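Enquirer: Below is the structure, and that's it, no one-letter string:
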DNA sequence: CCTTTTATTGAACCATGTTCAAAAACTAAC
DNA sequence: GTTAGTTTTTGAACATGGTTCAATAAAAGG
């Protein structure tokens, strides 16, 4: 049986991702410790490094899961809304983003905690997922601004995503701003309706 | 001489902040190591802990400097612009913020790297500086929206700051978006002019 | 001077990511 | 089934780095 090792390692990978995810949820990325993971996943300390290059790689595997989950949530917010006002579609999408971030605060933060730790390139799937997110935004925007070309729309899409991201980011930062979720929603709604008002 | 020790410690504090700041500039907050700081500041390892509770406290002292410097830059962008169109004033301010962030990337990032590390409260001066930043934004906004009350303006101010912050944040994240500064400026300009268009 | 108090020091402690020589498990050949 | 070779797994050991604290030095008081 050639695939026996592969399979066992795949199982271990899974268990480590599970354990890591659980830990990130309760204590954030910084609380994810190699020895705890090994204990939780029922493997030796070194075994982690048989299936992941380092803990950053494990963190990225967790991020892949989170990103996929978030993608589904954002996509779901647009299901059957083709006829809905584009502005309102953007609000629905942003609220989906906000609520995902609020309900998965530590996992969501981990998504954007990749850069400073290592100097490896961001993996392709990450940029792909981000691209998918952007395309969700671009669709209603294209309806709102049919006169804009691809480049202009692209810039606008990034600007809008970044803006909503910023509002969610600082809105969830209890330490700094401490705004209730409903107010964050209101900020997003205001921003998006201003944008739509040409 | 009673103040002799105080004075020597104050000098050491200063040297440590200098050394730490220099290190953050070149390698980010994570590259700031206790032993390096001691060597650079010409003191023993333990001496750091005579003048700072821990490295997080030193990081905060560096942040205090950075924040003050940034406050000056933003304030300067508004000097003598009382007669200028409020929209344009917001653009000037945001561009000042953007350029400060771009030219002081690691120091600027350190400003927002306080929360996850420790669970101590954000110091008062930090919230004060942030409040000052907000009030700079609130002034042109109040001109643009004279009908809004204090609460509404406050919400709008936060939303706007967060939006610009988000655009700057992701715009500078070379790893993720890789947008030239001029395009980031363009994003901010578009956003702000949309906001002003009632 | 000697004593007491205060400040400074850096070796040691602890936590934690990562490695790698040795052990274990597995495979193939006979 | 046994041996020899190969692959996988292991966890003790290493490297790094923040923090502490007993020991030392400096300062103050008498």
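Expert: Arrived safely. Fair warning: this is a prediction, and the values are worked out from it, not measured in the lab. Residues are numbered from 1 along each chain as shown, chains lettered A, B, ... in the order given.

Enquirer: got the contact list for residue A:65?
Expert: Neighbouring residues of residue A:65 by Cβ atoms under 8 Å, 6 or more residues apart in numbering or on different chains: A:17, A:21. (Glycine included, C-beta is placed from N, CA and C.)

Enquirer: Roughly how far does it sit from residue A:19?
Expert: 13 Å (Cβ to Cβ, to the nearest Å).

Enquirer: Now the residue lying closest to residue A:60 once chain neighbours are set aside: phi and psi?
Expert: Leaving aside its chain neighbours, residue A:60 sits nearest to residue A:123 (6.5 Å; criterion: Cβ to Cβ, 6 or more residues apart in numbering or on different chains). Torsion angles at residue A:123 (phi, psi; degrees, to the nearest 10) stand at phi -60, psi 160.

Enquirer: what's the distance between residue A:123 and DNA strand C?
Expert: Relative to DNA strand C, residue A:123 is positioned 17 Å away (criterion: Cβ to the nearest atom of the strand, to the nearest Å).

Enquirer: any idea how far that residue is from residue B:167?
Expert: Noted for residue A:123: a distance of 24 Å to residue B:167, by Cβ to Cβ.

Enquirer: one step back: who touches both of residue A:65 and residue A:19?
Expert: With Cβ under 8 Å, 6+ apart, residue A:65 and residue A:19 have no common neighbours.

Enquirer: burial of residue A:93, as a residue count?
Expert: Residues near residue A:93, counting by other Cβ atoms under 10 Å in any protein chain shown, number 27.

Enquirer: Contacts only, for it.
Expert: A:74, A:77, A:78, A:136, A:137, A:140.

Enquirer: repeat that with 6 Å
Expert: By Cβ atoms under 6 Å, 6 or more residues apart in numbering or on different chains, the contact set of residue A:93 is A:74, A:77.

Enquirer: what residue is smack in the middle of chain A?
Expert: For chain A, the residue sitting closest to the mean C-alpha position, by Cα atoms, centre = their mean, is residue A:67 at 4.3 Å.

Enquirer: Stretch A:4-16 close to DNA strand D?
Expert: Yes: counting by Cβ under 7 Å from any atom of the strand, DNA strand D has neighbours in stretch A:4-16: A:5, A:8, A:9.

Enquirer: From these, which one has the minimum pLDDT?
Expert: pLDDT is lowest at residue A:5 among these; the value there is 77.

Enquirer: Can you tell me the SS state at that one?
Expert: helix (DSSP: H, G, I helix; E, B strand; the rest coil).

Enquirer: now swap in residue A:184 and tell me
Expert: helix.

Enquirer: quick one: the helices in chain A?
Expert: Ranges of helices in chain A, per DSSP state H, are A:3-27, A:34-41, A:48-51, A:55-76, A:86-103, A:105-111, A:124-144, A:150-172, A:181-196.

Enquirer: Kindly reformat the ones you listed as TSV containing distance to residue B:87.
Expert: Below are these laid out as TSV (distance: least, Cβ to Cβ, whole Å):
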stretch	distance to residue B:87
helix A:3-27	42
helix A:34-41	52
helix A:48-51	54
helix A:55-76	31
helix A:86-103	21
helix A:105-111	33
helix A:124-144	20
helix A:150-172	16
helix A:181-196	12
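
Enquirer: Point me to the residue of chain A nearest chain B.
Expert: residue A:166 (2.0 Å; Cβ to the nearest Cβ).

Enquirer: Now for the residue nearest to residue A:60, how many residues are close by?
Expert: Burial measure for residue A:123: 14 neighbouring residues, criterion other Cβ under 10 Å.

Enquirer: Next, work out how far apart it and residue A:129 are.
Expert: Residue A:123 is 10 Å from residue A:129, by Cβ to Cβ.

Enquirer: Likewise for residue A:112?
Expert: Looking at residue A:112 against residue A:129, where the rule is Cβ to Cβ, the gap reads 13 Å.

Enquirer: And these two? Which one has more around it.
Expert: Between residue A:112 and residue A:129, counted using other Cβ under 10 Å, residue A:129 has the larger neighbour count: 19 against 14.

Enquirer: Read off the pLDDT value for the more buried one.
Expert: pLDDT recorded at residue A:129 is 92.

Enquirer: and if you look at residue A:1?
Expert: Value for residue A:1, per-residue pLDDT: 47.

Enquirer: Same check on residue A:114?
Expert: For residue A:114, the model assigns a pLDDT of 80.

Enquirer: Tell me, how many residues neighbour the spatially closest residue to residue A:142 that is not a sequence neighbour?
Expert: In space, and not counting its chain neighbours, residue A:142 is closest to residue A:153: 5.9 Å by Cβ to Cβ, 6+ apart. By other Cβ under 10 Å, the residues close to residue A:153 number 18.

Enquirer: Look up how far residue A:196 lies from residue A:153.
Expert: With Cβ to Cβ as the criterion, residue A:153 and residue A:196 are 14 Å apart.

Enquirer: Then residue A:166?
Expert: 19 Å.

Enquirer: same check, this time on residue A:86
Expert: 7 Å.

Enquirer: Residue A:189 too?
Expert: 11 Å.

Enquirer: Pass me the low-pLDDT residue ranges in chain A, would you?
Expert: A:1-2, A:115-119, A:198 (pLDDT under 70).

Enquirer: Those residues of it touching chain B, which are they?
Expert: A:28, A:115-116, A:122, A:155, A:159, A:162-163, A:165-167, A:170, A:175, A:187, A:191, A:194-195 (Cβ under 6 Å from any Cβ of the partner chain).

Enquirer: For stretch A:166-177, buried residues please.
Expert: With burial defined by 16 or more other Cβ atoms under 10 Å in any protein chain shown, the residues of stretch A:166-177 counted as buried are A:166, A:167, A:168, A:169, A:170, A:171, A:172, A:173, A:176, A:177.
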